[in-house]
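K.L.:
Build me a model:
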Amino acid sequence: MYKKIILFLIATLNFFILSSCSQEKQDDIQSDIANHHVIITYLTVGNKPKDSGTSEMLEKLNERLTELVNAELEIYYIPWNNYQTNYNLKLAEKDGSIDLIGTATDWLDAWKNAGLGNFLPLSDEMLKTYAPKTWASVSQEHWNVCRLNGDIYFFPEDNYTQWTNHGFMYRKDWAREAGLNGVHSWEDLTKYLTYVKNNKDLVYPWDSDGAASTYHAEGYMQSKSDFIIADGITSTNMFGSSKSNLRKIYSPFYQGNELVEYAKLMREWNLQGFWPKDIMTNGNGNHNNRDEFIEGKVAIEQHHSQTWYTQVYNNLKETVPGADSDFFWFGEESQNIVYQTITHGAMALSAASKHPERALMVYDLLRNDEECYKLINYGVEGKQYRVNSQGYREKVPGSKGITTNYWWGRNDNLEVRDTGTAWDVFDEINATYSKYKIDYPFSQIVWDLSKISSELDSVADLYGQYMGNICYGQNEDPEAYVKEFRQKLKSAGMEKIINELQRQLDAFNSKKNK
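P.N.:
Sure thing, here's the model as predicted:
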């Protein structure tokens, strides 16, 4: 077996090593691969699968990885329950038990962990040598987004088209019944929900719960203004700038009239009975609004665009004959949409990895080798999925699926479209978004929160105390309630936070313009 590996590596050495490498270095790398079989552990967020489908896939994948780089892959799962805390704790151990780390700058503290020394800094030369295909495929502009103090800290998922912007899915057929040409504003949405409430006896307008996400608050801001969220400051997404003035930091939760108008509208929704009366305590019980939407039992579902066209659109049509759905995206009224940062999904290397060079080689294969890519993303062809006569990927009936949660290096060049996604809808909405989108403007800023951490904690606590009540209309005087919220924010240090973020943004712009 090892003789086969050596012969294969000699024949394909240039796949891994650029011609600029010295002969001595090439010999060292070739010798290390041939003589040392290693296990590379990949950490991802998600619950560990209970069935054997993933194991079957890994067996095939590891045959391929062993053949190419004498390595195999294991997956370490961080369960969804309390995932953020457990994720950061695992990374901080730095005990050499993990190698590749799925990360993100907007929801998995990528910059924080880079600053704490939990990720290995990667030089350009290291990437050219051990991940040459990825190095060549990512532009210098995109690599620069991943740099801190000159070093690269992760690989961006910059060649995969997805839309994780939020909005409301709604029944297009019911909107027509309500006399609407679709839902394109919050006013349209209110008319639509009012019609459902008054005319669909067995349908809840929105079977939400008080523990649900408050994304629709941000969505209202994005729709009624040109507010752009700055990621990586708080999970509450309270800070950012406006599309019309990217140089000024502000918070629509603290100033402006949008929050007041939103609070009034949510009070109206509450009084009209658009959600359960026990919304702040029901915890959503044993019911699921998305399932109910697909079953025709509720009128709206709030989530990503991608969730709509991959999971909901076709399922609704199949479940409820004659039903049709559409998507009211947050920002539609003001044509305000930002394409997510290319580090929404990224792959880093543990600072304590025992085999960093081999880990880079494995990642390069997972991202660029067609066989490895299809295995890690789809499973074993013919056993877990198959490609039909139209060229679409579909599940093999009765097969066990895989759970790899590989969101850190997907590649449009190797993707195989599946039968579950409404691709005509995807193409249509992608064209619409592309017409209006701007690239995320703060991707190269690493916010230093050390001087305002206590204030941010206090502000986040106040958000938790007040925003649920605002989002679900649980107050008799919305205007007075927002005023009270803002007074508390001021006392908690809101202006200090904004001034410090503004100072950092000014310094970044000044440095960029030199």
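K.L.:
On the three-state scheme, Gln504 is what?
P.N.:
Of the three states, Gln504 takes helix according to DSSP: H, G, I helix; E, B strand; the rest coil.
K.L.:
Do you have the strands of the stretch 401-514 of the chain handy? List them.
P.N.:
Taking DSSP state E, counting those that start in this stretch as the criterion, the stretch 401-514 of the chain carries its strands at 438-439.
K.L.:
What ranges does it have for its helices?
P.N.:
Across the stretch 401-514 of the chain, reading from the start of the chain, the helices by DSSP state H, counting those that start in this stretch fall at 423-436, 453-471, 478-491, 494-513.
K.L.:
So, low pLDDT: which residues of the stretch 1-150 of the chain?
P.N.:
Counting by pLDDT under 70, the ranges of the stretch 1-150 of the chain that qualify are 1-26.
K.L.:
Repeat the analysis, applying 50 as the threshold.
P.N.:
1-20 (pLDDT under 50).
K.L.:
again, but for the chain
P.N.:
Applying pLDDT under 50 to the chain flags residues 1-20.
K.L.:
centroid residue for it?
P.N.:
The chain has His344 as the residue nearest its centroid, 5.0 Å off, counting by CA atoms, centre = their mean.
K.L.:
how much space is there between it and Glu357?
P.N.:
Applying CB to CB, to the nearest Å, one obtains 27 Å for the distance of His344 from Glu357. Bear in mind the C-beta positions are built from the backbone N, C-alpha and C, glycine included.
K.L.:
sorry, back to before: any chance of JSON lines for the helices of the stretch 401-514 of the chain, columns distance to Trp111 and mean neighbour count?
P.N.:
Supplementary listing: the helices of the stretch 401-514 of the chain in JSON lines, determined by distance: least, CB to CB, whole Å; neighbours: other CB atoms under 10 Å:
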{"stretch": "helix 423-436", "distance to Trp111": "26", "mean neighbour count": "14"}
{"stretch": "helix 453-471", "distance to Trp111": "14", "mean neighbour count": "17"}
{"stretch": "helix 478-491", "distance to Trp111": "25", "mean neighbour count": "16"}
{"stretch": "helix 494-513", "distance to Trp111": "13", "mean neighbour count": "15"}
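K.L.:
Just put those helices in CSV and tack on distance to Phe239.
P.N.:
What follows is those, written out as CSV (distance: least, CB to CB, whole Å):
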stretch, distance to Phe239
helix 423-436, 23
helix 453-471, 9
helix 478-491, 12
helix 494-513, 6
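K.L.:
Show the secondary-structure elements that the one helix or strand Ile101 maps to is packed against.
P.N.:
Taking DSSP states H and E as the definition, one finds Ile101 inside strand 100-103. Applying 3 or more CB pairs under 8 Å, 6 or more residues apart in numbering; DSSP states H and E, one finds that strand 100-103 makes contact with strand 38-45, strand 346-349, helix 356-368.
K.L.:
buried stuff in the following helix or strand past the longest one?
P.N.:
Think helix 356-368. Of the helices and strands lying after helix 356-368 in sequence (DSSP H and E), the nearest is helix 370-378. Judged by neighbour count (16 or more other CB atoms under 10 Å), helix 370-378 contains these buried residues: Cys372, Tyr373, Lys374, Leu375, Ile376, Asn377, Tyr378.
K.L.:
by how many degrees do helix 370-378 and helix 356-368 diverge?
P.N.:
With axes from the mean of the first three to the mean of the last three CA atoms, to 10 degrees applied, the angle from helix 370-378 to helix 356-368 works out at 80 degrees.
K.L.:
by how many degrees do helix 370-378 and strand 38-45 diverge?
P.N.:
40 degrees.
K.L.:
Skipping adjacent residues, who's closest to Asp151 in space?
P.N.:
If you skip the residues right next to it in sequence, Asp151 has Pro121 as its closest partner in space, 3.5 Å away by CB to CB, 6 or more residues apart in numbering.
K.L.:
Quick one: residues contacting the one you found.
P.N.:
Leu148, Asp151, Ile152, Tyr153 (CB atoms under 8 Å, 6 or more residues apart in numbering).
K.L.:
Those, buried ones only, as a PyMOL selection?
P.N.:
A single PyMOL command is used to select the members of those judged buried by 16+ other CB under 10 Å:
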select buried, resi 148+152+153
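K.L.:
Most widely separated two among the contacts of Pro121?
P.N.:
Leu148 and Ile152 (8.4 Å; CB to CB).
K.L.:
Which residues does the strand holding Ile101 contact?
P.N.:
Contact with strand 100-103 is made by 40-45, 91, 108-110, 113, 119, 154, 343, 345-350, 359, 362-363, 405-408, as judged by CB under 8 Å, 6+ apart.
K.L.:
Helix, strand or coil: sort out the residue nearest to the centre of the chain for me.
P.N.:
Three states are possible here, and by three-state DSSP the one that applies to His344 is coil.
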